[in-house]
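1. Have a look at this prediction, sequence included:
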Amino acid sequence: MRSDPQIASRFEQHELPIWTESQELRRFIAGYLALLPIKKSAVEMDKRFVEYLLELSDGVTGRIIEVLRRAAFQAIADKSQKVGLQQLQFVGARMPTVIGRRS
């Protein structure tokens, strides 16, 4: 919408807050991963997982989604069918354009 000034002027902009480690973030991650074609019980979401995801994404919602999406594809590709720290590390090593601190 921002690319068209006439449309953009009709809507008030709201900036989403940056995510931090919380139960709300864990629910968001679990809910998003539930939409992807992986085993629903195959998410390893410990504290290290969440902290690393936040490090990769800088807590930005769109980046979190992109990292999780790519991690799910990696889980399918490596036939583990689970999203865990290993899949995040694989994605993080290959996605410098999404990782805010590395771009």
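-> Received the coordinates, thanks.
2. residue ranges with poor pLDDT in this structure?
-> Within the chain, the segments meeting pLDDT under 70 span 1-2, 40-43, 96-103.
3. Not counting its own residues, what contacts the longest helix belonging to the chain?
-> In the chain, taking DSSP state H as the definition, the longest helix is helix 61-77. Applying C-beta atoms under 8 Å, 6 or more residues apart in numbering, the contact partners of helix 61-77 are 16, 19, 28-29, 32-33, 36-38, 42, 53-54, 56-57, 81-83, 87-88, 90-92, 95, 98-100. To be clear about C-beta, it is placed using only N, CA and C from the backbone, and glycine gets the same treatment.
4. Please apply the same query to stretch 24-36.
-> Contacts for stretch 24-36 (C-beta under 8 Å, 6+ apart): 19, 40, 43, 45, 50, 53-54, 64-65, 68-69, 72, 83.
5. in it, what's buried?
-> Within stretch 24-36, the residues that count as buried by 16 or more other C-beta atoms under 10 Å are 25, 28, 29, 33, 36.
6. Can you mark which positions in the longest helix of the chain are buried?
-> Going by neighbour count (16+ other C-beta under 10 Å), the buried part of helix 61-77 is 63, 64, 66, 67, 68, 69, 70, 71, 72, 73, 74, 75.
7. Any chance of CSV for those, columns distance to residue 6?
-> Formatted as CSV, the buried residues of helix 61-77 follow (distance: C-beta to C-beta, whole Å):
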residue, distance to residue 6
63, 29
64, 31
66, 29
67, 34
68, 34
69, 32
70, 35
71, 38
72, 37
73, 37
74, 41
75, 43
